[in-house]
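Chemist: Here's my sequence, what's the structure:
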Amino acid sequence: MTNKKAEKWLEERGITLQESFAAALKKLAKDFQKGHGIKNIETVYALIGLKKQYIAHWIKNPNSVQTKKTQNQYSY
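Modeler: Modelled structure (predicted):
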C-alpha cells in the first residue's frame, strides 16, 4: 500500500495523523521564506544546513533515517 492510498484510507475513516517531520520542516521553511522576503527556498535550507533533496527524500521515504553522504572536494 502506498502512502497516498494509506492517507486516503485513513481520511475516509476520519483518522488524523500527526504531521511528519519533513512536512513540518518544509512548512516552517516556507513561512520563514515569506516572512523574511527570501526569493529561493534553497537559501532557507542552506541556512539550516540542508539541501532540498533531503526534504524531498524524507517526504518520499518517511520511515527512512538515512541520508545520502555528501562529499565535498577541496582543492588547495
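Chemist: List the buried residues in whichever strand or helix holds Ala22.
Modeler: Here Ala22, judged by DSSP states H and E, is contained in helix 21-36. For helix 21-36, a neighbour-count test (16 or more other C-beta atoms under 10 Å) marks 22, 25-26, 29, 33 as buried. No exception for glycine: its C-beta is placed from N, CA and C like everyone else's.
Chemist: Tell me the helices and strands packed up against that helix.
Modeler: The helices and strands touching helix 21-36, judged by 3 or more C-beta pairs under 8 Å, 6 or more residues apart in numbering; DSSP states H and E, are helix 41-47, helix 52-60.
Chemist: Which pLDDT does the model give the most centrally placed residue in the chain?
Modeler: Nearest to the mean C-alpha position of the chain, by C-alpha atoms, centre = their mean, lies Ile55 at 2.9 Å. pLDDT, Ile55: 85.
Chemist: quick revisit: of all the buried residues of helix 21-36, which two lie farthest apart?
Modeler: Ala22 and Gln33 (16.3 Å; C-beta to C-beta).
Chemist: and of the helices and strands packed on helix 21-36, who's closest to Leu17?
Modeler: Closest to Leu17 of those, according to C-beta to C-beta: helix 52-60, at 14.2 Å.
Chemist: Now do the closest one: which elements does it pack against?
Modeler: Looks like helix 52-60 contacts helix 21-36, helix 41-47 (3+ C-beta pairs under 8 Å, 6+ apart).
Chemist: CA atoms only for the longest one, dumped as PDB, please.
Modeler: What follows is helix 21-36 as a C-alpha-only set of coordinates in PDB (Å, rounded to 0.1, in the frame of the first residue of the first chain):
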ATOM      1  CA  PHE A  21       8.900  16.000  10.500                       C
ATOM      2  CA  ALA A  22       9.700  16.600   6.800                       C
ATOM      3  CA  ALA A  23       6.300  18.200   6.100                       C
ATOM      4  CA  ALA A  24       6.500  20.400   9.200                       C
ATOM      5  CA  LEU A  25      10.100  21.500   8.300                       C
ATOM      6  CA  LYS A  26       9.000  22.300   4.800                       C
ATOM      7  CA  LYS A  27       6.100  24.400   6.000                       C
ATOM      8  CA  LEU A  28       8.300  26.200   8.500                       C
ATOM      9  CA  ALA A  29      10.900  26.900   5.800                       C
ATOM     10  CA  LYS A  30       8.200  28.400   3.500                       C
ATOM     11  CA  ASP A  31       6.900  30.600   6.300                       C
ATOM     12  CA  PHE A  32      10.400  31.800   7.100                       C
ATOM     13  CA  GLN A  33      11.000  32.500   3.400                       C
ATOM     14  CA  LYS A  34       7.800  34.600   3.100                       C
ATOM     15  CA  GLY A  35       8.400  36.300   6.400                       C
ATOM     16  CA  HIS A  36      12.000  37.400   5.500                       C
END
